[in-house]
Structure formats: C-alpha cells, structure tokens
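Chemist: model this:
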Amino acid sequence: MLTKPPEKEMSFLEHLEELRSRLIKSVVVIIAMAVVVYFFSEKLVDFFTAPLPQVYFMAPTEAFMVRIKLSLIGGAIVSIPVVFYHLWMFIGPGLLKSEAKIVIPIVISATIFFLIGAALCFFVMLPVAVKFMLGFSTAKLQPLISIDNYISFAGMLILAFGLVFELPVASFILGRMGVINARMLSKGRRYAIVVILIASAILTPTPDAFNQLLLAGPMYVLYEISIIVVWFTGRKRGETK
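Modeler: Next up is the predicted model:
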C-alpha cells in the first residue's frame with residue numbers, strides 16, 4: 001500500500017517568499033478594488049462626512065487626495081475577505097489538517113467581526129465623538145474642519161475598531177492551537193485592562209482620553225467574550241478545567 005510522502009518543511013527564506021507573495025496578492029486586490037470604489041468617491045465623501053455640518057479643503061489638491069484616500073479605505077474594506085484568506089493560508093500550513101479545514105469559517109467570521117466593529121464605530125462611536133468634540137465650540141471659537149484631517153481621523157478610528165473586533169477570532173485560533181486557555185485569560189484580567197488602555201491609546205488617532213475610552217470599553221467586552229470563546233474551544237478539545 002502506497003503511503004503519501006511527508007510534505008517538505010519550508011525554510012525561513014521560503015516562508016519569507018510565501019509571505020511576500022501573499023502580501024503582493026493582497027495589495028493588488030486592494031488597489032483593484034480601490035479603482036472601482038473611486039467611481040463612487042463623491043458619494044463616499046458625503047457619506048463619511050454625514051456627522052459634520054460642513055467640511056473644507058485647505059489646498060487645491062486636498063479634495064482630490066481625499067477621494068484617493070477614501071478609495072483606498074473602501075478598497076481595503078471590500079478586500080477584507082481576500083486579505084484574511086491569504087493571512088490564514090500563510091499560517092495554515094503549520095497547523096493540523098483538522099485545523100486547516102476551518103479556513104472558510106475563519107475567513108467569514110473574521111470578515112463579519114471586522115465589519116461589525118467598523119459599523120459600530122461609524123454609526124455609533126464616531127457621531128458621539130464628533131458631537132463631544134464640537135461641543136467645546138463657542139460664539140468666538142468656531143470649528144473649521146479640514147476634510148483631509150477628518151477622513152484621516154475617521155478612517156483610523158474605523159480601522160482600529162475593526163481590528164479590535166478580531167479579538168474573539170484571534171482568541172479562537174490561539175485556543176485551538178493550545179497557546180491560550182480560559183483559565184489563563186481569566187487570571188490575566190488585571191493585566192489585560194492595562195494592555196487594553198495602552199492599546200487604545202496607540203490605536204486611537206487622537207491622544208484625548210475620551211476617544212481612548214470609546215475604544216477601550218468595547219475592547220474589554222470583547223476580552224470577556226474571548227474568555228467564553230476559548231473556554232468553549234477548550235471543551236471541544238477535551239481539556240479539563
């Protein structure tokens with residue numbers, strides 16, 4: 001009876017080449033999607049600036065560059081499933097066959113969680129943040145908001161929320177690999193709070209405490225959800241408490 005020959009283990013340089021190849025493929029897809037999204041960039045500007053009464057551009061090229069930036073943001077969001085697929089396929093060869101088979105559910109889950117985080121930020125957190133910051137204006141102190149600064153602020157905040165919402169998915173993967181377990185996460189709550197506050201300070205585009213707390217709150221809730229996810233994963237693996 002013929003047996004299947006063992007797969008050849010990749011060298012460090014081969015891993016780097018594989019990573020480079022998948023990064024290039026992801027970037028090509030993002031750029032292609034950005035070109036498509038550009039044709040809708042005018043509507044995207046109106047959509048993104050909905051929380052503001054008025055925005056301005058301060059340089060002749062600023063309005064055009066904002067459309068390019070929005071197109072890239074939109075292209076990146078549309079390409080999220082492809083990016084996650086290539087990321088998982090890069091990690092996948094080092095996993096067991098049973099773990100590699102869940103590539104499609106992982107990609108779908110990661111995409112859904114990212115979109116939930118991005119939507120929560122845009123429809124809930126961003127309007128709250130804008131209203132709070134504009135609330136400091138006075139009769140003499142009026143806002144003159146640059147469209148480029150606002151898009152950069154909103155884009156970074158949306159990206160931060162989207163990435164933070166990947167925490168349960170990342171915890172599930174690490175739980176399946178046996179790297180973490182529910183007991184470890186439960187005991188590490190006090191340290192997790194410190195890490196969450198530091199991470200929110202790094203990820204938020206502005207240094208003010210209000211926006212950092214807007215991100216830190218959902219991040220801690222996701223940490224608690226991750227404990228449940230890892231506990232459930234541990235039960236599936238047959239781990240004991």
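
Chemist: For this structure, give me the ranges with low pLDDT.
Modeler: 1-12, 92-101, 207, 234-241 (pLDDT under 70).

Chemist: show me where it has helices.
Modeler: Using DSSP state H, the helices found in the chain span residues 12-38, 41-48, 62-78, 80-91, 97-100, 103-120, 126-134, 147-164, 167-176, 182-187, 189-203, 209-236.

Chemist: closest one to Gln54 among the ones you listed?
Modeler: Closest to Gln54 of those is helix 147-164 (C-beta to C-beta; 10.0 Å). (Glycine included, C-beta is placed from N, CA and C.)

Chemist: Can you list the helices and strands that that closest one packs against?
Modeler: helix 41-48, helix 62-78, helix 103-120, helix 126-134, helix 189-203, helix 209-236 (3 or more C-beta pairs under 8 Å, 6 or more residues apart in numbering; DSSP states H and E).

Chemist: Show residues contacting the first one.
Modeler: Right, the one you point to is helix 41-48. 37, 66-67, 70-71, 74, 147, 150-151, 154 (C-beta atoms under 8 Å, 6 or more residues apart in numbering).

Chemist: Just give me the neighbour total for the nearest residue to Leu222 once chain neighbours are set aside.
Modeler: Spatially, and ignoring its direct neighbours in sequence, Leu222 is nearest to Leu167 (4.4 Å; C-beta to C-beta, 6 or more residues apart in numbering). Burial of Leu167 is recorded as 20 neighbouring residues (other C-beta atoms under 10 Å).

Chemist: again with Leu222
Modeler: If we define neighbours as other C-beta under 10 Å, then Leu222 has 19 of them.

Chemist: Domains in the protein, by residue range?
Modeler: 12-130+143-164, 166-241 (automatic domain parsing).

Chemist: can I get these in a markdown table with distance to Phe136?
Modeler: Formatted as a markdown table, the domains of the chain follow (distance: least, C-beta to C-beta, whole Å):
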| stretch | distance to Phe136 |
| --- | --- |
| domain 12-130+143-164 | 9 |
| domain 166-241 | 11 |
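
Chemist: Nearest residue to the middle of this structure?
Modeler: Leu163 (2.2 Å; C-alpha atoms, centre = their mean).

Chemist: Val55 is nearest to which of the helices of the chain?
Modeler: Closest among the helices of the chain, using C-beta to C-beta: helix 147-164, at 4.5 Å.

Chemist: what number of residues lie near Lys43?
Modeler: Lys43 has 10 nearby residues by other C-beta under 10 Å.

Chemist: State the distance from it to Cys121.
Modeler: Distance of Lys43 to Cys121, computed by C-beta to C-beta, to the nearest Å: 20 Å.

Chemist: list the buried ones in stretch 112-125?
Modeler: Neighbour counts over stretch 112-125 (16 or more other C-beta atoms under 10 Å) mark 113-114, 117-118, 120-122, 125 as buried.
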